[in-house]
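# What would the 3D arrangement of this be:
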Amino acid sequence: MIPLRQPTMRRSEEPEVGTLEPMPPEIALAAEGVEVQYRARHGRGSVRAVDGVDLQVRRGETVGIVGESGSGKSTLGRALVGLERRQGGRIVVDGAEVPPDGALARAQRLDLQMIFQDPFSSLNPRRRLGDAVAQAVRARDGDVPEGRVAELLQQVGLDPHIAHRYPHEASGGQLQRVVIARVLATRPKLIVADEPVSALDVSVQAQVLNLFADLCEELSLTTVFISHDLAVVRHIADRIAVMYLGRIVETAPAEQLIAAPRHPYTEALLTAVPGAGRERILLQGDPPDPSAPPSGCRFRTRCGRATELCAEQEPLLEAAEDGHAFACHHPVEAASPAVLAAP
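Here you go, the predicted model:
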């Protein structure tokens, strides 16, 4: 696995566009120093929702991104597919750069697809479900071969007759399957799935998650899967990256990160999962104001291991030979493996 590296350079020291070294052919997505900023309330300063993130995804690999609300994971996902304007860094997918202003060419827009949390809001309520899938087929192929829509619907476990229904006539689980079918119709080079099962009934979450995991494996899809639930991410991801306050603080192969987390924040997230087999760690207070993050380590104000060093010096995300990287001056010692219940 290719580790993630937290850049040490400041915004003014970032390389100019065009200086990113060529990626190996097995790398489908290469992002370096990605920054997304928003104007703070009342126009005072700015908030860096994503602050210098590096990410690499191999072809056919699923990388999970986890973190609390406000960690920047969804903003990062939107930036990767050109739906969020970014103020720094570079993103390259299959050799083509994603413009920082999101002005993608038509072909590139088809290559970069996103699955949103709420499937109903992703579909036109005035169009039949089959028309939504057919539109995606037509956008990629120019026409809609006979039987192609039915084939795509069957591929996601739906009866082709659902093509005649409108969104309000289908369940949330069925709608999310239609959304997945529409994404597959474009034969994308990168899929970003942002909490794709969290809005569904508990009874169907596992079904849709298992379907998506099977499709990723069967079709060798390159996917970034975003969730706040480590148990869900562990079920589908080959590698996991943990975000806190706009930065990646730990990354490792999925099973390795679950078995032996090294960053205190990751350890706390794991103990919050039912059946994790670890004593619950309660984080103190709320995440800091992103417009004025703490000095040094951003997690230190909620960390029981913090020392003066943590306030004075920002830890770097450095990778070990085993592909496990973490940004912490006082990492968690290797512990007995945690066992997470299947979602």
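
# Could you report the pLDDT at Ala260?
For Ala260, the model assigns a pLDDT of 91.

# give me the number of residues near it?
19 (other Cβ atoms under 10 Å). (Glycine included, C-beta is placed from N, CA and C.)

# pLDDT weak spots in the protein?
Applying pLDDT under 70 to the chain picks out residues 1-23, 42-43, 275-277, 334-343.

# Next, name the residue at the spatial heart of it.
Ile226 (3.4 Å; Cα atoms, centre = their mean).

# What helix or strand is it located in?
In this assignment (DSSP states H and E), Ile226 forms part of strand 223-227.

# didn't Pro188 look like it was pressed against Arg109?
No - the criterion here is Cβ atoms under 8 Å, and Pro188 misses it with Arg109 at 9.8 Å.

# helix, strand or coil for Ala311?
Counting by DSSP: H, G, I helix; E, B strand; the rest coil, the backbone at Ala311 sits in helix.

# and if you look at the one 5 residues further on?
In the three-state summary, Leu316 is assigned as coil, counting by three-state DSSP.

# That one and Cys328, how far apart?
10 Å (Cβ to Cβ, to the nearest Å).

# more neighbours, those two?
Neighbour totals were compared for Leu316 and Cys328, and Cys328 leads with 23 against 14 (other Cβ under 10 Å).

# Output the contacting helices and strands for the strand holding Ile226.
strand 46-58, strand 62-66, helix 73-80, strand 190-194, helix 230-236 (3 or more Cβ pairs under 8 Å, 6 or more residues apart in numbering; DSSP states H and E).

# hmm, back to that, more crowded one of Pro188 and Arg109?
Taking other Cβ under 10 Å, Pro188 and Arg109 do not tie; Pro188 has more neighbours (21 against 17).

# tell me the contacts of that one?
By Cβ atoms under 8 Å, 6 or more residues apart in numbering, Pro188 lies in contact with Leu110, Asp111, Leu112, Gln113, Leu221.

# from the residues you listed, which two are the most distant?
Spatial extent of the contacts of Pro188 (Cβ to Cβ) is set by the pair Leu110 and Leu221 at 14.6 Å.

# which one of these two has more residues nearby?
Leu221 (23 against 17).

# So what touches the longest helix anywhere in the chain?
Using DSSP state H to assign secondary structure, the helix with the most residues in the chain is helix 202-219. If you take Cβ under 8 Å, 6+ apart as the criterion, helix 202-219 is touched by 62, 155-157, 171-173, 176-177, 180, 184, 193, 196-198, 200, 221, 223, 232, 235-236, 342-343.

# Tell me how far that helix lies from the chain's centre.
16 Å (Cα atoms, centre = their mean, to the nearest Å).

# just the strands in the protein please.
27-39, 46-58, 62-66, 88-93, 96-97, 112-115, 190-194, 223-227, 239-244, 247-253, 318-319, 325-326 (DSSP state E).

# Output those as CSV; include the columns distance to Ala136.
Formatted as CSV, those follow (distance: least, Cβ to Cβ, whole Å):
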stretch, distance to Ala136
strand 27-39, 20
strand 46-58, 23
strand 62-66, 21
strand 88-93, 18
strand 96-97, 20
strand 112-115, 9
strand 190-194, 13
strand 223-227, 17
strand 239-244, 28
strand 247-253, 32
strand 318-319, 38
strand 325-326, 37
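
# closest one to Ala139 among the ones you listed?
Here strand 112-115 is closest among these (Cβ to Cβ), at 11.1 Å.

# In its sheet, which strands sit next to that closest one, and in what direction?
When sheet partners are counted by DSSP bridges, strand 112-115 sits next to strand 190-194 (parallel).

# CA atoms of the strand it pairs with as CSV?
Written as CSV, here are the backbone C-alpha positions of strand 190-194 (Å, rounded to 0.1, in the frame of the first residue of the first chain):
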residue,chain,number,x,y,z
LEU,A,190,-13.1,7.4,-9.7
ILE,A,191,-16.1,7.1,-7.4
VAL,A,192,-16.4,9.1,-4.2
ALA,A,193,-19.1,7.6,-2.0
ASP,A,194,-20.1,10.1,0.8
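
# neighbouring contacts of it?
For strand 190-194, using Cβ under 8 Å, 6+ apart, the contacting residues are 28-29, 57, 74, 77-78, 80-81, 93-94, 111-117, 183, 212, 221-226.

# Show me how to select, in PyMOL, the buried members of those.
Entered in PyMOL, the line below selects the buried ones among these, by 16 or more other Cβ atoms under 10 Å:
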select buried, resi 28+29+57+74+77+78+80+81+93+94+111+112+113+114+115+116+117+183+212+221+222+223+224+225+226
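
# And for Glu250, the neighbour number?
28.

# tell me the contacts of it?
So Glu250 contacts 241-242, 257, 261-263, 265-266, 317, 324-328 (Cβ under 8 Å, 6+ apart).

# next one: Gly64
Contacts of Gly64 (Cβ under 8 Å, 6+ apart): Val224, Phe225, Ile226, Ser227, Val233, Arg234, Ile236, Ala237, Arg239, Ile240, Ala241, Ala254.

# ok, Ala319 touching Arg262?
No - judged on Cβ under 8 Å, Ala319 makes no contact with Arg262 at a distance of 11.7 Å.
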